[in-house]
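Colleague: Sequence and predicted model, in that order:
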Amino acid sequence: VTYAHHAPHSIYEPMGRETALERIMESGTLGYARTEAADTLVADSGASSTQMAGGEWAGAQMIGLDRNGHAVKTILEIAEEMGKSTGLVADTCVTGATQAGFAAHQTHRSKQDRIALDLLDAEVDVMLGGGLAWWIPQEANDPDSETYRRLEKRTGGTIEIRSERRDSRDLLEEARARGLSLCFNRTQLEQASRDRVLGLFDHDILMNGIRETRTEKDPGRTIPTLREMTQKALQVLSRNSNGFFLVVEAGLID
């Protein structure tokens, strides 16, 4: 359908025509969603998740903004207004484009340092995945610093300590102050008992499918699987009698 509308010399889009498949769908037999971004044939995760979350055309690479750069209210934000709990789970970075499209508002998906701040401000209750590097201050890059030693102790030495931030904000401390329980390995995740949880299990993305399969039964494994993270999120979010909204992404297929 997308190609029929955007192919060179298309007989559909310029003439306002619909394909037979579109007519079948619009009859109520099927539903469909056109996935391209505004003015761009091939969509990226930022634009497509923004469009799914907000129902408005988004520009390529945009996060939580319409094609003109205006913030759009997302389904996650609507769920929070309804008193529901919310969660984001991914085997990529928590600040990755798919998750960000539901809870952040930035002009480009690469602004993960700002996306992390948006996620905190959005008061998302459960965030599980990778991307520790975007949550710790730049001083953590000095292995002789107090910041580095503190983070190494906090994470149990199971995660590479490396910051991608260009400021001195410690978003882990800010998250803890907002009532989120912090987890950095599978055991800590299993033991987390609060109604709000931030789990960051690698400095970048988590395990791909091959590594996950090979280590799944390893008693020394520290990184939770996507299944384990999802189960924990469901356990925590289901405590809310008003219900919950949860996004889960298996983002390592490519």
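Modeller: Good, I have the coordinates. Please read these numbers as outputs of a predicted model, since none were measured by experiment. Numbering: from 1, shown residues only.

Colleague: I'd say residue 49 and residue 102 touch.
Modeller: Yes - look at residue 49 against residue 102 with CB atoms under 8 Å: they come within range, at 6.4 Å. Any C-beta I mention is one placed from the backbone N, CA and C, and that applies to glycine too.

Colleague: So for the one helix or strand residue 120 maps to, mean pLDDT?
Modeller: Element membership for residue 120 (DSSP states H and E) is helix 112-121. Helix 112-121 shows a mean pLDDT of 98.

Colleague: helix, strand or coil for residue 189?
Modeller: helix (DSSP: H, G, I helix; E, B strand; the rest coil).

Colleague: Given whichever helix or strand comes after the helix holding residue 120, what are its sheet partners and their directions?
Modeller: Scanning forward in sequence from helix 112-121 by DSSP H and E, the next helix or strand is strand 126-130. Within its sheet, strand 126-130 is paired with strand 85-93 (parallel), strand 197-200 (parallel), according to DSSP bridges.

Colleague: So for residue 12, which of the ones you listed sits nearest?
Modeller: strand 85-93 (35.4 Å; CB to CB).

Colleague: ok so, going back, possible to save the strands paired with strand 126-130 as TSV with distance to residue 21 and mean neighbour count?
Modeller: Formatted as TSV, these follow (distance: least, CB to CB, whole Å; neighbours: other CB atoms under 10 Å):
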stretch	distance to residue 21	mean neighbour count
strand 85-93	32	25
strand 197-200	42	26
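
Colleague: Just give me the residue closest to the centre of the chain.
Modeller: Centroid-nearest residue in the chain: residue 99, 2.1 Å away (criterion: CA atoms, centre = their mean).

Colleague: For that one, which non-adjacent residue is closest in space?
Modeller: In space, and not counting its chain neighbours, residue 99 is closest to residue 88: 4.3 Å by CB to CB, 6 or more residues apart in numbering.

Colleague: is it true that that neighbour touches residue 96?
Modeller: No - the pair residue 88 / residue 96 is not scored as a contact, 9.3 Å apart, by CB under 8 Å.
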